[in-house]
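Student: Show me how the following folds:
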Amino acid sequence: MTSIIRALLVSAALSVGATSAYAAASNMPTQYQPDPALKTESVSQLRARVSQACSITQAKLQSSVSEASLSRSCDCYAGRTMRSLSADELQAYRDTGVFNETARAKALSALDSCKLPRPQI
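Tutor: Next up is the predicted model:
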């Protein structure tokens, strides 16, 4: 599961010019620095980041599919994921730039609900 979240966040970070890796807080690489903008972005801005990361990751995963064609499914995924996060999970994401274990489970459930394939671990 960590690989899924890592892939989504790496894509999001790269797409917005930040340098981040997608890993659980307990095993983040020492060079990892969450994007400082996470602290002040609105939930809708965070959702947009997650959607963009999803599009990039899913386009790579589904090699014959364009990022643009994934927009609707990834918006579904990002919306479901962000709506499902508790205040503590959202704060953990803001603090670390990654989903914690409980948020990660919710993100996987959102992938399934939105009929997106899970990246292989």
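
Student: name the element Ala110 belongs to?
Tutor: Following DSSP states H and E, the helix or strand that holds Ala110 is helix 101-113.

Student: For that helix, C-alpha coordinates in CSV please.
Tutor: Output of helix 101-113 as CSV, limited to C-alpha atoms (Å, rounded to 0.1, in the frame of the first residue of the first chain):
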residue,chain,number,x,y,z
GLU,A,101,-1.9,4.5,7.5
THR,A,102,-5.6,5.2,8.1
ALA,A,103,-5.7,7.8,5.3
ARG,A,104,-3.9,5.3,3.0
ALA,A,105,-6.6,2.7,3.5
LYS,A,106,-9.2,5.3,2.6
ALA,A,107,-7.3,6.3,-0.5
LEU,A,108,-7.1,2.6,-1.6
SER,A,109,-10.9,2.3,-1.1
ALA,A,110,-11.4,5.5,-3.2
LEU,A,111,-9.3,3.9,-6.0
ASP,A,112,-11.6,0.9,-6.0
SER,A,113,-14.8,3.0,-5.8
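
Student: Tell me the buried residues in it?
Tutor: For helix 101-113, a neighbour-count test (16 or more other CB atoms under 10 Å) marks 103-104, 106-108, 110-111 as buried. C-beta coordinates here come from the backbone N, C-alpha and C atoms, glycine included.

Student: quick check, nearest of these to Ser63?
Tutor: Leu111 (17.7 Å; CB to CB).

Student: any idea how far the residue lying closest to that closest one once chain neighbours are set aside is from Gln31?
Tutor: The shortest distance from Leu111 to any non-neighbouring residue, by CB to CB, 6 or more residues apart in numbering, is to Arg118 (5.5 Å). To Gln31, Arg118 is 27 Å away according to CB to CB, to the nearest Å.
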